[in-house]
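A.B. asks: For reference, the sequence and a predicted model appear below.
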Amino acid sequence: MSNNQDEGEQGPKSSFITYVAEGDQLFIKGEFAKAIESYTTALILQPTEKNCLVARSKCYLKLGDPENALKDAETSLKNEKEFFKGLYQKAEALYAMGDFEFALVFYHRGHRLRPELQEFRLGIQKSQEAIDNSVGSPASVKLENKGDLSFFHKKEEGKKGKANAPIRPLKKEQKQQSKSPRSEKTVRQLLGELYSDKEYLEKLLKDQDLVKGNTRSGIKVHDLILSAITYLDTRTEFWRQQKPIYARERDRKLMQQQWNKTKQSKPSSDPTKYILNSLEEIDLALAAGDPELSCRKARQVLKTVQGWSDEDVPNKKEVIGNLHSCLGNAKIEIGDMDGALECHNKDLEIARQNNLPESKSRALDNVGRVYARIGKFPQAIEAWEEKIPLARSSLEKTWLFHEIGRCYLELDHHTEALDYGEKSLASATEAEDDEWQLNASVLVAQSEVKLGHYQAAVTYFEKALEKAKLINDEAAKEAIRNALEDANKRIVEQLETEKLGDGAEKNQDVANGNKETLNEESTEDKEETNDD
């Protein structure tokens, strides 16, 4: 924006939506600093608008400022703790700051609320990897009772002063000791092309004549070089924690050793860990667009788990049901709807036999999805209506009511569609989810159109249009405007028809009146003739 300074002094001159739209365009162009200015001006008008806060948080992350990104994400969650976009953004900011454990917590919270979003699943995966890479695998650590144990005695003494004072020198010593040929090789691998820049900067630092000078802006060359080297060191440490594929040699060897020891009996000495890791791999393969790999992996794990005893896996039935669900989801993406339905029905059968309400809810959800995809709407409705008592959150109910209403609309049962549309809208309002309020409002409006209630339809289309503007959904805005135009035309046609109907009735009344008058006159004439 060219006049941001004037606006800062005199206040915003445009509307909230205008500034947000401007920020969105700048974000798409990669002009993140300018986008922040636009979002900031918009937030002057609506300081607690959560979607705008999330948008500005994304910009801060793009500019490498995770602290401010975290502040905006936390502010967006202030009034609604279950705002999934805010949860995701908070997790992303924490991850960027290197707080992988806390990031994992918020990725999990978001995943529980919106399990269909792959962003949360991928966040869980990368956070877990980063944690393992930072602290190492527990199996690879051996504790020995040698070395200096005086730290535990000093800990008691340290309570009088600063508890962490003895630890600080140790970190410095460790950093100095880590400067070995092996670590330099790792740094070279981690930095890639930037390693030559780091070497060049370190050589410049040794040039005493150069480092004593200043730049044109007055910054000391020595400080400038040091800040650049520090930045590269920081990124090296961050990338080391991410541990790319080439740095996983040690873990691969350890896993191979464990496999060699246990392959005669089981594929893993820890069934729980094996199952959890396998489920993550199955899910990630599907999210990455490879349903065939996901399907193969699920079959392999299912066969393995079926070979274990109930002692090895206490919740064996639940795990088997979950794997059938994974197989079903993969087959949906492959296009094998009959196979998908068979898998999800197996999941449902296991859930019913073993009284597993969460598994039953998941299975009914998926069975309904398959039926809806193949156009068998009555069966989809039956499955989803059975799921209603099992739905927990307002957001889950919103989606469920919306899909049931959509099926009724497809079947031309417009009254039922309207009823479920209104339920969906009520749940979406309770959840304060703008996107689902948009979807539910459109469903209600479409049902009203089918019922011939055009004025009510216009009201709900207008509500939907407001939400589309709020979340900046251009496609939705265009579709709703077209629907509004069509509904208004029908209102006009209806009014014209009513006017014509009223005119026809009046003409008919006149005609009937004229007819009665003529009949009366005819009767009088006859009576007069008879008298004569």
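C.D. replies: Nice, thanks for sending it over.
A.B. asks: Around residue 310, how many other residues sit close by?
C.D. replies: Counted with other C-beta atoms under 10 Å, residues neighbouring residue 310 total 9. In short, each C-beta sits where N, CA and C put it, glycine included.
A.B. asks: if I read this right, it contacts residue 316, doesn't it?
C.D. replies: Yes. Using C-beta atoms under 8 Å, residue 310 is in contact with residue 316, at 5.4 Å.
A.B. asks: shared neighbours of the two, which are they?
C.D. replies: Common neighbours of residue 310 and residue 316 are not found (criterion: C-beta atoms under 8 Å, 6 or more residues apart in numbering).
A.B. asks: Against residue 197, how distant is residue 203?
C.D. replies: Residue 203 is 11 Å from residue 197, where distance means C-beta to C-beta, to the nearest Å.
A.B. asks: So these two - more neighbours on which side?
C.D. replies: Neighbours per residue, other C-beta under 10 Å: of residue 203 and residue 197, the larger number sits with residue 197, 13 against 10.
A.B. asks: so where's the chain uncertain?
C.D. replies: Applying pLDDT under 70 to the chain flags residues 1-13, 132-193, 216-217, 231, 233-269, 501-532.
A.B. asks: For the spatially most central residue of it, list the residues it contacts.
C.D. replies: The structure's the chain has its C-alpha centroid closest to residue 117; by C-alpha atoms, centre = their mean the separation is 4.6 Å. Applying C-beta under 8 Å, 6+ apart, we find residue 117 in contact with 84, 88, 110, 111.
A.B. asks: Can you report how many residues lie near the first one?
C.D. replies: Burial measure for residue 84: 21 neighbouring residues, criterion other C-beta under 10 Å.
A.B. asks: ok, it touching residue 113?
C.D. replies: Yes. The pair residue 84 and residue 113 qualifies as a contact (C-beta under 8 Å) at a distance of 5.2 Å.
A.B. asks: joint contacts of those two?
C.D. replies: With C-beta under 8 Å, 6+ apart as the test, residue 84 and residue 113 both reach residue 395.
A.B. asks: coming back round to it: let me have the contacts of residue 117 in JSON lines, extended by secondary structure and distance to residue 430.
C.D. replies: Output for the contacts of residue 117, formatted as JSON lines (DSSP: H, G, I helix; E, B strand; the rest coil; distance: C-beta to C-beta, whole Å):
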{"residue": "84", "secondary structure": "helix", "distance to residue 430": "15"}
{"residue": "88", "secondary structure": "helix", "distance to residue 430": "21"}
{"residue": "110", "secondary structure": "helix", "distance to residue 430": "19"}
{"residue": "111", "secondary structure": "helix", "distance to residue 430": "21"}
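A.B. asks: out of the residues you listed, which is most surrounded?
C.D. replies: Sorting these by how many neighbours each has (other C-beta under 10 Å) puts residue 110 first, at 26 neighbours.
A.B. asks: mind listing what that residue touches?
C.D. replies: Residue 110 touches 84, 87, 88, 91, 117, 119, 120, 123, counting by C-beta under 8 Å, 6+ apart.
A.B. asks: Swap in 7 Å and give it another go.
C.D. replies: Residue 110 makes contact with 84, 87, 88, 91, 120, according to C-beta atoms under 7 Å, 6 or more residues apart in numbering.
A.B. asks: For the first one, list the residues it contacts.
C.D. replies: Translated: residue 84. 110, 113, 114.
A.B. asks: can you check residue 97 too?
C.D. replies: Here residue 97 is in contact with 66, 70 (C-beta under 7 Å, 6+ apart).
A.B. asks: and the gap between residue 490 and residue 212?
C.D. replies: 81 Å.
A.B. asks: Looking at the contacts of residue 117, which is nearest residue 462?
C.D. replies: Lowest distance from residue 462 to the contacts of residue 117 (C-beta to C-beta) belongs to residue 84, with 26.3 Å.
A.B. asks: Would you convert the contacts of residue 110 into CSV that also reports distance to residue 278?
C.D. replies: Shown next, in CSV, are the contacts of residue 110 (distance: C-beta to C-beta, whole Å):
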residue, distance to residue 278
84, 26
87, 26
88, 25
91, 24
120, 19
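A.B. asks: who does the host helix or strand of residue 21 touch, helix- and strand-wise?
C.D. replies: For residue 21, the element it lies in under DSSP states H and E is helix 16-29. Contacts defined by 3 or more C-beta pairs under 7 Å, 6 or more residues apart in numbering; DSSP states H and E place helix 16-29 against helix 32-45, helix 50-62.
A.B. asks: Just name the most buried of those helices.
C.D. replies: Mean neighbour count (mean count of other C-beta atoms under 10 Å) peaks for helix 50-62 among the helices and strands packed on helix 16-29, with a mean of 23.
A.B. asks: any idea which helix or strand comes after that helix?
C.D. replies: Next along the chain after helix 50-62, taking DSSP H and E as the criterion, comes helix 66-76.
A.B. asks: Send over that next one as PDB, restricted to the C-alpha atoms.
C.D. replies: The C-alpha trace of helix 66-76 is given here as PDB (Å, rounded to 0.1, in the frame of the first residue of the first chain):
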ATOM      1  CA  PRO A  66       8.200 -17.300  14.200                       C
ATOM      2  CA  GLU A  67       7.800 -15.300  17.400                       C
ATOM      3  CA  ASN A  68       5.300 -12.800  16.000                       C
ATOM      4  CA  ALA A  69       3.700 -15.700  14.000                       C
ATOM      5  CA  LEU A  70       3.100 -17.500  17.300                       C
ATOM      6  CA  LYS A  71       1.600 -14.300  18.900                       C
ATOM      7  CA  ASP A  72      -0.900 -13.900  16.100                       C
ATOM      8  CA  ALA A  73      -1.800 -17.700  16.200                       C
ATOM      9  CA  GLU A  74      -2.400 -17.500  19.900                       C
ATOM     10  CA  THR A  75      -4.500 -14.400  19.600                       C
ATOM     11  CA  SER A  76      -6.700 -16.200  17.000                       C
END
